[in-house]
Each structure stands twice: as C-alpha cells, then as structure tokens.
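got a sequence here, can you build the structure:
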Amino acid sequence: MNKYKKLIKSIITAIIVFLLFFNSYLFQYIPIILFKIQITSIDNNMSIMLNTFANILLAFILYLIYRKSLKKEFHTFISNFKENLSTGFSYWFLGLNIMIISNVVINIVFNGGVAANEETVQEMISSLPWLMLINAGFIAPFNEEIVFRKTLKDIFTNHRWLFAFFSFFLFGLAHVLGNVTTPTDWLFIIPYGALGGAFALAYSKTDSVFTSMAMHMFHNFSLTLLSILL
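Predicted structure coming up:
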C-alpha cells in the first residue's frame, strides 16, 4: 500500500512541477507589476532579463519541492565523483552522436534546416550573450533536469527503459512545442530527445540527478560559449 501511495504522490508532484514549468513565463509579470513596466516598451533585451528572472524563481521553487532528495543525491554524486562523471560523459557522448546523426538525416532527407527553437536561442544569445550563458548554461539545465528527469525517475523507479523513453519523448516535445511551423519540425523531437534519453540513462546508472545535470550544464554552456565566441 505504501508503494502505491508513494507512486501517487510522485505522479501528483510531477503534474504540479510540469504545470509550473510550462507556466513559468507568468513569473515575468512579477517585476512587470512591481516596477510598473509597460508591456509595449519591452524590447528583446528586457524580454531576456524577464525570462531569466522567471527561470531563477522556478529553480528556487523546484529546489524547495525536492530539497531533501536533492541533498541526498548530491551526496551520492560527490561520494563517487570520478566514476559518476565518467558515466555521465559516456552517455552524453552517446546522446550527442544520435543528436548529430538525426539532425543530419533530417536536413538531408527532409530538408529540415535548423530547428525553430535553436533559431530563437541564437537570437537571444546575440542580444545578451553573457546573461544567456548563465541562463542557458546553468539555470535552464537545473530546471529541465528536475522537470524531465527527477519527476519521471520518481515515477518509473524500477523501470529504467520506460523512464528513458518518456524522458526522451517529453524532453524532445518540450523543445519543439510552440515552434512548429511545418510538419518536418516535429522530427526535431528526435535530436532533442536523444540527449534527454541519454541523460535519463546516466541518472539511472548513478542514482543521482546531478550526473545528468552536470552533463546538461556542460553541453549547454559549451555550445552557448562557442556561439558567443564564434
């Protein structure tokens, strides 16, 4: 009975967390209201700053929700740091290769071009590069690992491949939703999802979300920094 109570609790928590994640843009209205910012006067730079604020507030809320288990999993990550990091890099490299290959196939076979989500991110990096380095490199990976890995791992505790599949699909879907302009855009669920699935497997292998979080931060930080420098 306790097993089912724990599962139901995990599912309810996951629903709350997903709702928070997909509605976190509403947090932007806090500084807008407090500082009486005119909506019509918000330019691209201000939009990025508001988005960063919303992401930081979301990260704080997610930490409060999972603080006990996060402390435990951080200890697990640190106590076997080298092996966990090595495992993380192995799965990240696997996910990265699938991501690259699927992107190439989408471009060659379907003439898919660049994912609309990627174009949006690049525009934001061009506007405020160093703030985006913090936002995309650290804050977003923290939030996404809690939402797409931690919540699902708690539900699929003893079902590694189900956990990896749902992490793959939902993570990929989240990066495509809102940016679909052609049917081909749906195919980008695969390259985005590849990393999500790989991160899930790394988490399962090490029993610490900080393994996948470290890899996610490394991936995003490296790509953002390359975009800034190049």
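
list of residues touching the strand or helix carrying Phe163?
Assigning secondary structure by DSSP states H and E places Phe163 in helix 160-176. Under the contact criterion Cβ atoms under 8 Å, 6 or more residues apart in numbering, helix 160-176 has outside partners 22, 115, 117, 144, 148-149, 152-153, 155-156, 185-186, 188-197, 199-201, 204. Bear in mind the C-beta positions are built from the backbone N, C-alpha and C, glycine included.

change it to 7 Å
117, 148-149, 152-153, 156, 185-186, 188-190, 192-193, 196-197, 200-201, 204 (Cβ atoms under 7 Å, 6 or more residues apart in numbering).

restricted to helices, list those residues.
Among the contacts of helix 160-176, DSSP state H puts 117, 152-153, 189-190, 192-193, 196-197, 200-201, 204 in helices.

and the helix or strand encompassing Phe77, how far from the chain's centre?
Take DSSP H and E as the rule and Phe77 turns out to sit in helix 44-79. Offset of helix 44-79 from its chain centre (Cα atoms, centre = their mean, to the nearest Å): 11 Å.

excluding its backbone neighbours, what's nearest the residue positioned nearest the centre of the chain?
Against the mean C-alpha coordinate of the chain, by Cα atoms, centre = their mean, the closest residue is Glu144 at 2.9 Å. Take Glu144 and drop its neighbours on the chain: the residue closest to it by Cβ to Cβ, 6 or more residues apart in numbering is His216, 6.7 Å away.

can you pull the buried residues of the helix or strand hosting that neighbour?
Applying DSSP H and E as the criterion places His216 in helix 209-229. Of all the residues in helix 209-229, those buried under the rule 16 or more other Cβ atoms under 10 Å are 209-221, 224-225, 227.

ok, back up a step: could you give the angle of the helix holding Phe163 to helix 209-229?
With axes from the mean of the first three to the mean of the last three Cα atoms, to 10 degrees applied, the angle from helix 160-176 to helix 209-229 works out at 30 degrees.
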